[in-house]
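> Predicted model and sequence below, questions to follow.
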Amino acid sequence: MSGGIYKIRNVVNGKVYIGSTVDLVKRKKQHFSNLKKNKHSNCHLQTSWNKYGEQNFIFEIIEECVEENLSLLEQQWIDFYNSHESNNGYNLIKYIDGHTSHSKETIDKIKLARSKQVFSKESIAKRSEKTKGENNHFYGKNHSPETKEKISQAKLGVPVHTEEHKNKMKNMFTGEGNPSAMLNWEKIKEIRFLYSQKIFSSRKLSKMFSVGKTTILRIVQNKNWFDPLYIPPSDIPRIVSTETRKKLSEANKGKPGPMKGRTHSEESRALIKEKRSKQITSDETREKMSKMFSGKGNPFYGQKHSKESIEKQKQTRKKNGKLIGEKNPSAKLDWEKVKEIREKHKNGNKIIPLSEEYGVSIYTIGRIINNENWVDTKLKQGASGKHFFVKLSQEQVNEIRKLHIESDITHKQLSINFNVSIRTISLILNNKRWHDLSYIPKTKHT
């Protein structure tokens with residue numbers, strides 16, 4: 001078949017792509033093959049193909065013509081259909097005959113896309129590797145003397161940048177002039193004020209303003225966002241790079257720490273306690289810390305305390321007392337909540353809903369109810385002396401024993417009648433539970 005003008009039409013929205021070729025059959029195969037492989041050079045047409053599917057696109061011949069008239073006729077049909085506009089067609093350029101200028105809409109879209117485009121570290125590394133060493137197109141080559149002469153001639157007469165011009169160029173891309181700057185001068189002044197007044201630390205400021213801790217320290221030191229009128233405070237910590245930290249850690253491995261054989265004074269301990277009491281750790285941080293120090297991540301994994309360390313722990317516990325109840329810094333409950341739990345359980349609330357409500361385990365709720373955790377000396381205990389809430393009363397126990405002596409009722413029947421286990425009935429009858437000196441068992445039960 002001879003050459004001519006063709007269109008690829010979308011049946012759903014009526015948009016068209018206009019093209020010209022010397023061989024229409026071959027060109028059709030090329031288009032559809034690339035579209036099926038998701039490798040078509042026209043991204044607009046490719047996305048539409050992926051969205052609507054192959055069945056909604058038709059290849060149609062508009063007219064056949066001689067090769068000399070291809071570009072002229074193609075331009076006419078593009079103008080006729082307005083296929084260069086995104087609402088009407090898929091052609092990316094308006095002019096064909098040597099003019100490759102994009103439409104204003106397309107140019108604006110390209111600008112927006114490039115301004116928002118952020119390359120990841122991986123993509124940057126891949127690009128650099130592609131142009132490194134043997135992959136570089138100029139690898140192992142040198143400019144010829146003729147080319148060097150041409151380059152030198154082209155640079156002759158080019159004015160050298162003055163210092164003023166260099167400073168102007170620097171100012172264009174520093175501070176607020178930088179298009180990717182995350183801060184402005186108002187925020188910089190705020191950071192410096194908050195840090196100098198010791199209201200927030202560099203770490204908290206980095207979280208507040210969504211920048212790195214090093215950036216905050218450089219701003220405070222007047223190294224970033226330089227201000228000739230600003231005088232940095234004297235107590236700024238020295239910035240240590242990650243490489244330097246690694247070197248220091250490797251150098252100090254195996255050496256005793258600065259606090260070895262020394263202890264904190266009472267004043268320093270009081271300050272540490274105050275800081276830790278004000279510190280609020282989020283649930284996410286707690287989860288991360290628990291994952292870091294769980295299992296093999298724990299530095300004490302697979303080890304045991306020595307006899308000396310156990311003795312020291314005992315002595316400190318004697319001095320400070322047991323960290324129980326509200327004294328425990330990691331306690332989730334207080335005495336008010338404990339009283340609420342006991343009252344709610346009295347009123348008929350079950351253990352599982354109570355554990356979900358107060359964010360503790362079922363085991364903890366059970367021990368609180370039985371007065372084993374958060375022990376209250378004033379609290380009345382059950383007849384057994386162990387459990388605060390029991391299924392049986394003293395009257396019911398006396399009735400069980402009476403029925404067993406006077407009648408031939410079985411243990412199973414008694415357990416069903418009083419809603420307890422057979423083992424509990426057996427222990428009561430053997431005087432092992434609800435012990436009573438006046439009661440003499442009928443026979444020994446096993």
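All right, it came through fine.
> quick one, helices of the stretch 251-400 of the chain?
Secondary structure of the stretch 251-400 of the chain (DSSP state H, counting those that start in this stretch): helices located at 266-278, 283-292, 307-320, 335-346, 351-358, 362-369, 394-406.
> Where does the prediction get shaky in this structure?
Along the chain, segments meeting pLDDT under 70 span 1, 96-103, 157-159, 172-173, 235-240, 278-281, 318-323, 379-390, 443-446.
> can you tell which of the helices of the stretch 251-400 of the chain is closest to residue 146?
For the helices of the stretch 251-400 of the chain, the distance to residue 146 is smallest for helix 283-292, at 63.6 Å, taking Cβ to Cβ. Quick note: C-beta positions are derived from backbone N, CA and C, even for glycine.
> Out of the helices of the stretch 251-400 of the chain, which is closest to residue 121?
Among the helices of the stretch 251-400 of the chain, if distance is taken as Cβ to Cβ, the winner is helix 283-292, at 23.0 Å.
> how many other residues sit next to the closest residue to residue 293 other than its chain neighbours?
Closest residue in space to residue 293, ignoring its immediate chain neighbours: residue 299 at 7.8 Å, by Cβ to Cβ, 6 or more residues apart in numbering. Close neighbours of residue 299, defined as other Cβ atoms under 10 Å, add up to 7.
> now do residue 337
16.
> right, and it touches residue 358 too?
Yes - between residue 337 and residue 358 there is a contact under Cβ atoms under 8 Å: 6.2 Å.
> that older thread, quick check: phi and psi at the residue nearest to residue 293.
phi -60, psi -20 (degrees, to the nearest 10).
> Next one: residue 104 from residue 270, what distance?
70 Å (Cβ to Cβ, to the nearest Å).
> May I ask which helix or strand encompasses residue 124?
Per DSSP states H and E: residue 124 is located in helix 121-130.
> which other residues reach that helix?
When contacts are defined by Cβ atoms under 8 Å, 6 or more residues apart in numbering, helix 121-130 is touched by residues 119, 135.
> Please identify the buried residues of it?
Buried residues in helix 121-130, counting neighbours by 16 or more other Cβ atoms under 10 Å, are absent.
> circling back: could you report the distance from the residue nearest to residue 293 to residue 305?
Taking Cβ to Cβ, one finds residue 299 at 13 Å from residue 305.
> same deal with residue 415?
On the measure of Cβ to Cβ, residue 415 and residue 305 end up 47 Å apart.
> Please say which of these two ends up with more neighbours.
residue 415 (17 against 11).
> so what's that one up against?
By Cβ under 8 Å, 6+ apart, the neighbours of residue 415 are 421, 422, 424, 425.
> Is it possible to mark the buried ones in the residues you listed?
424, 425.
> Now flag whichever of the contacts of residue 415 is closest to residue 312.
Nearest to residue 312 among these, with distances taken as Cβ to Cβ, is residue 424, at 45.1 Å.
> who's in contact with the helix or strand hosting that closest one?
In this assignment (DSSP H and E), residue 424 forms part of helix 422-429. Applying Cβ under 8 Å, 6+ apart, the contact partners of helix 422-429 are 392, 397, 400-401, 404, 411-412, 414-415, 418, 433-434, 441-442, 445-446.
> Show me what counts as buried in stretch 160-180.
Within stretch 160-180, judged by 16+ other Cβ under 10 Å, the buried ones are residue 175.
> Return the distance of that stretch from the chain's centre.
37 Å (Cα atoms, centre = their mean, to the nearest Å).
> okay, that stretch in PDB with CA atoms only?
Below are the C-alpha coordinates for stretch 160-180, written out as PDB (Å, rounded to 0.1, in the frame of the first residue of the first chain):
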ATOM      1  CA  VAL A 160      34.400  37.300  32.900                       C
ATOM      2  CA  HIS A 161      31.900  37.500  35.900                       C
ATOM      3  CA  THR A 162      32.700  40.300  38.300                       C
ATOM      4  CA  GLU A 163      32.500  39.800  42.100                       C
ATOM      5  CA  GLU A 164      29.300  41.800  42.200                       C
ATOM      6  CA  HIS A 165      27.700  39.600  39.600                       C
ATOM      7  CA  LYS A 166      28.900  36.500  41.400                       C
ATOM      8  CA  ASN A 167      27.300  37.800  44.600                       C
ATOM      9  CA  LYS A 168      24.100  38.500  42.800                       C
ATOM     10  CA  MET A 169      24.000  35.000  41.400                       C
ATOM     11  CA  LYS A 170      24.600  33.600  44.900                       C
ATOM     12  CA  ASN A 171      21.800  35.600  46.400                       C
ATOM     13  CA  MET A 172      19.500  34.500  43.700                       C
ATOM     14  CA  PHE A 173      19.700  30.900  44.900                       C
ATOM     15  CA  THR A 174      20.300  31.300  48.700                       C
ATOM     16  CA  GLY A 175      17.800  31.900  51.400                       C
ATOM     17  CA  GLU A 176      14.300  32.900  50.200                       C
ATOM     18  CA  GLY A 177      15.700  33.100  46.600                       C
ATOM     19  CA  ASN A 178      16.100  29.300  46.600                       C
ATOM     20  CA  PRO A 179      12.900  27.800  45.000                       C
ATOM     21  CA  SER A 180      13.200  24.600  47.100                       C
END
